[in-house]
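3D, please:
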Amino acid sequence: MKFSKTKAVITLSDFFKLNFDENSLWEYKADDTDLLTELVAFFRPRDVNAVPQVSLKELLQLLTENDRYCNGLSLYLKGILSDKKFSHILTDAGILTDAVFFFEVRKRLFAKLLPDQPLKDTLEYVLNQVFYVKTDPVWINTIPQEQLEELFDLLKFRTLYDSAESNSPLAELVFAIEVLINRITGRALESEVIQMVPEYENLESPFLALQKEFAAMSQKLLEENRKYVSPNDIGYRQLLVLRGQCADYVKAAFKNSEKYGISIRVNQSLLRIRQQLDRIAVLLPLLVIDETDGAKKDTISLAFNLITYNCDKNNVRKLINESTQLISYEITQHTADTGEHYITKDRKEYFRMFWNASGGGIIVGILCIIKVLLSKIDTSAFGHAFYYSMNYAFGFIAIYVLGFTLATKQPAMTASALVRALEKSRKMQQEGEEEGHLSFAIFFARVFRSQFIAFVGNVIVAFPVSLLGIWAIDRIFNYNIALTKWFHLMEDLSPVHSPAIFHSAIAGVFLFLSGIIAGSVANRDKYRHVYYRIQEHPLLKKSFGRIKAQKFAKLYEQKYAGVVSNFWFGVFMGSTASIGFFLGLDLDIRHITFASGNLALGLYGANYNVSTDMIVWGIIGIGVIGLVNFLVSFGLSMGLAFRSRNIPLSELRPISKAIWSYFKKKPGSFFFPNFRAAK
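All right, here's what the predicted structure looks like:
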């Protein structure tokens, strides 16, 4: 016979019998939080989403029926919580501590792995030991208010307003609000923040007024020995008005970022001010109660807020979401403006896109030949990475400067323009216009056919240019440059005989990153007033004249971000294989236009003695590579654009239906513009 040991399940009643009966074992643990941790564990659900409400009825019944339990628990909790400082939680927990984004991320990640342990004389230490699960505020918030107030009465807790001594909870609360206001004022008066809101330049700072008003209010409470103020108190009402003005100041600064640009540091400073203002909005009402009611409720509310702030202090996801939203909006705003140029409206623009893409195909065909020649240089992996990177970079820059089009660069740009159009269609829907999603579907069809003709122009032209180039070199120098590389060039195109799909996905990521770089550079230069600096540079005006300086500034504004973006895209593309070689990983890139050129080089290198299967898989591979290039870069860009504008992903369903419905009605419009018959 086998015997199995099972751990005895301890009930809440057993817990009180063991620790709070006539033996009073709790007195031996009076200085530890272990008993409180065990007690909380009885009520903490395993899945907070599965429990709509947590009840304290069993606990309340035990305390009501047994005075020894009630008195013992009351003394224990008062001993644990007595004279514990908590102002640090109110002023710091969940609020940015610095304007350096990556420092804050590293700090919170480290705190998740190895939590900070404050001194034992602070309430933060108690909360760290007891409410250490991040979902604790969720289930605590489901406990009925009347049960919490009954427990408050049974344990004979004092309210927040029973004492105004220096170590009292009320004094801690007032001190926390004062610290927050002083920090806000100091940060808001920094020159980097002030320059974001020039409209406030000649007005009195609302932050200084808030600081003065609260100082007067706290002094009044101290002198009159009052522990709270009336809801109708003029000073309190003025504080609420000033706090609202400060919030408007921050909103104006964020709104002006579209006009003046914004840096990550200023974004973090404004975000910190907004967080502190939100915290003050929660804490200020705790100083206000009616003469007859509110003390108990406010005390419980303060306790819940302390638990919530402490559990949320190391939330990395929330930090990243809040910190990156505005920056991503500014980046996608630039790419949306740029993306409008990649979307054709009519027949004329459609064919112009084809010719621009054909020009890009010519340059890519030349780049394919140069890369094969560079591969023959006897150098290190780093040397090849450098040569390939410069080949790609200067080629992409040439395409951009000459006004040609590289089809795969479009998705990262047009995605933001699509989301901007989606915003308009959503607004139309909200206003009751049924044509909202239909207008988006029509716009999407324009985008799709623009992508289609750009791909066609790139692929069709890159092939003959590469073929003509390798043939000319062979004729002039009697040297077939792809003679020893043709098999490698052909095999790399096949999605079944090589990791072409994975490699084309890597290229899609780089296409997305290049769009991010373009937007971030444009935003940075706008924030730093680079264009205006160039325009008004005294040496430039003296050397070239005011008009030429203005033209140069305009050229810089229009082209520089794109040049930097294309340069880094070339570096990414050219160095990937060498980095993979260094790491021992099969890393490389596959790009649809280069794939077309490589197919031509491979065919000529083999003197056209290539199996039908290899040719078929090569052609299929070009299509697959282009599709993956498009899907990855477009998907990432759409995700960023959705994130930057707070559009829920659930919006994809109705717009997908609208696009499919429009496609069934007019499938040709997704590939060709509407040709009107001549009258």
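
buried sites along stretch 16-28?
Buried positions in stretch 16-28, judged by neighbour count with 16 or more other Cβ atoms under 10 Å: Phe16, Asn19, Phe20, Trp26. Glycine gets a C-beta too; all of them are placed from N, C-alpha and C.

Identify the residues contacting stretch 390-400?
359-360, 363-364, 366-367, 370-371, 374, 404-406, 559, 562-563, 566-571, 573-574 (Cβ atoms under 8 Å, 6 or more residues apart in numbering).

Pull out the buried residues from those.
359-360, 363-364, 366-367, 370-371, 374, 404-406, 562-563, 566-571, 573-574.

From those, which land in strands?
Using DSSP state E, no member of those falls in strands.

So which of the buried residues of stretch 16-28 sit within strands?
Using DSSP E, none of these sit in strands.

mind listing the helices in the stretch 51-200 of the chain by residue range?
57-65, 67-81, 87-92, 101-113, 123-130, 136-140, 145-154, 169-188, 191-194 (DSSP state H, counting those that start in this stretch).

Asn609 is nearest to which of the ones you listed?
helix 101-113 (55.3 Å; Cβ to Cβ).

For the closest one, which outside residues touch it?
With Cβ under 8 Å, 6+ apart, helix 101-113 has contacts from Leu96, Thr97, Asp98, Ile264, Gln268, Lys313, Asn314, Asn315, Val316, Leu319, Ile320, Ser323.

what's the average pLDDT for it?
The average pLDDT within helix 101-113 is 76.

what about Lys526, how many neighbours?
21 (other Cβ atoms under 10 Å).

circling back to that earlier point, now intersect the buried ones among the contacts of stretch 390-400 with the helices, please.
Under the assignment DSSP state H, the buried ones among the contacts of stretch 390-400 contribute 359-360, 363-364, 366-367, 370-371, 374, 562-563, 566-571, 573-574 to helices.

ok, back up a step: identify the farthest-apart pair in the contacts of helix 101-113.
Ile264 and Lys313 (21.5 Å).

Setting the sequence-adjacent residues aside, check what's closest to Met196.
Nearest residue to Met196, sequence neighbours excluded (Cβ to Cβ, 6 or more residues apart in numbering): Ala253, at 4.0 Å.

what about the one you found, distance to Gly79?
47 Å (Cβ to Cβ, to the nearest Å).

Could you check which of these two has the larger neighbour count?
More crowded of Ala253 and Gly79, by other Cβ under 10 Å: Ala253, with 24 against 12.

you'd agree that one is in a strand?
No - counting by DSSP: H, G, I helix; E, B strand; the rest coil, Ala253 is not part of a strand but helix.

check contacts around Trp355.
Contact analysis of Trp355 by Cβ under 8 Å, 6+ apart lists Gly457.

ok but it is inside a helix, no?
Yes - counting by three-state DSSP, Trp355 is found in a helix.

Report all helices and strands that the longest helix along the chain contacts.
If you go by DSSP H, the chain has its longest helix at helix 436-477. Applying 3 or more Cβ pairs under 8 Å, 6 or more residues apart in numbering; DSSP states H and E, one finds that helix 436-477 contacts helix 347-375, helix 410-430, helix 592-605, helix 612-644, helix 652-665.

Including mean pLDDT, could these go into CSV?
Shown next, in CSV, are the helices and strands packed on helix 436-477 (pLDDT from 0 to 100):
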stretch, mean pLDDT
helix 347-375, 91
helix 410-430, 64
helix 592-605, 92
helix 612-644, 85
helix 652-665, 83
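
Which among those is found nearest to Asp525?
helix 410-430 (17.9 Å).

Chain neighbours aside, what residue packs nearest to His313?
Careful, residue 313 is Lys; it's not His. Counting by Cβ to Cβ, 6+ apart, the residue nearest Lys313 is Ala93, at 3.9 Å.

wait, the one you found sits on Asn314?
No - assessed by Cβ atoms under 8 Å, Ala93 is found out of contact with Asn314, at 9.1 Å.

circling back: any chance of the helices of the stretch 51-200 of the chain in TSV, plus distance to Ser578?
Shown next, in TSV, are these (distance: least, Cβ to Cβ, whole Å):
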stretch	distance to Ser578
helix 57-65	65
helix 67-81	61
helix 87-92	46
helix 101-113	27
helix 123-130	48
helix 136-140	49
helix 145-154	63
helix 169-188	45
helix 191-194	40
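
weakest of the ones you listed in terms of mean pLDDT?
Here the helices of the stretch 51-200 of the chain differ in mean pLDDT, and the lowest is helix 101-113 at a mean of 76.

mind exporting that one as CSV, just the C-alpha atoms?
Extracted C-alpha coordinates of helix 101-113, given in CSV (Å, rounded to 0.1, in the frame of the first residue of the first chain):
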residue,chain,number,x,y,z
PHE,A,101,14.6,57.3,-20.9
PHE,A,102,17.0,54.4,-21.2
PHE,A,103,18.3,55.0,-17.6
GLU,A,104,14.7,54.8,-16.4
VAL,A,105,14.1,51.5,-18.3
ARG,A,106,17.3,49.9,-17.0
LYS,A,107,16.4,51.0,-13.5
ARG,A,108,13.0,49.5,-13.6
LEU,A,109,14.2,46.3,-15.2
PHE,A,110,16.8,45.8,-12.6
ALA,A,111,14.2,46.5,-9.9
LYS,A,112,12.0,43.7,-11.3
LEU,A,113,14.9,41.2,-11.0
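
from the middle of its chain, how far away would it be?
Distance of helix 101-113 from its chain centroid, counting by Cα atoms, centre = their mean, to the nearest Å, is 16 Å.

ditto for stretch 177-187
For stretch 177-187, the distance to the chain centre is 27 Å (Cα atoms, centre = their mean).

Start at 801, not 1
All set: I'll call the first residue 801, so the last point we hit is now stretch 977-987.

hmm, who's touching it?
887, 890-891, 993, 1005, 1007-1008, 1010-1011, 1014-1015, 1018, 1046, 1069, 1072-1073, 1076-1077, 1079-1080, 1083-1084, 1087.

that older thread, pipe the helices and strands packed on helix 1236-1277 into CSV and attach distance to Gln1251 per row.
Putting these into CSV (distance: least, Cβ to Cβ, whole Å) gives the following:
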stretch, distance to Gln1251
helix 1147-1175, 9
helix 1210-1230, 6
helix 1392-1405, 11
helix 1412-1444, 7
helix 1452-1465, 14
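
Out of the buried residues of stretch 816-828, which is nearest to Pro1473?
Nearest to Pro1473 among the buried residues of stretch 816-828, with distances taken as Cβ to Cβ, is Phe816, at 79.4 Å.

before we move on, back to that, from the contacts of stretch 977-987, which land in helices?
Counting by DSSP H, these contribute 887, 890-891, 993, 1007-1008, 1010-1011, 1014-1015, 1018, 1046, 1069, 1072-1073, 1076-1077, 1079-1080, 1083 to helices.

Make a ChimeraX selection of the buried ones in those.
If you want just the buried ones from the ones in helices among the contacts of stretch 977-987 in ChimeraX, going by 16+ other Cβ under 10 Å, the selection is:
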select :887,890,891,993,1007,1010,1011,1014,1018,1046,1069,1072,1073,1076,1077,1079,1080,1083
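
Okay, the residue lying closest to Asn866 once chain neighbours are set aside and Tyr876: tell me how far apart.
Among residues not flanking Asn866 along the chain, Phe816 sits closest, at 7.3 Å (Cβ to Cβ, 6+ apart). Per Cβ to Cβ, Phe816 is found 11 Å from Tyr876.
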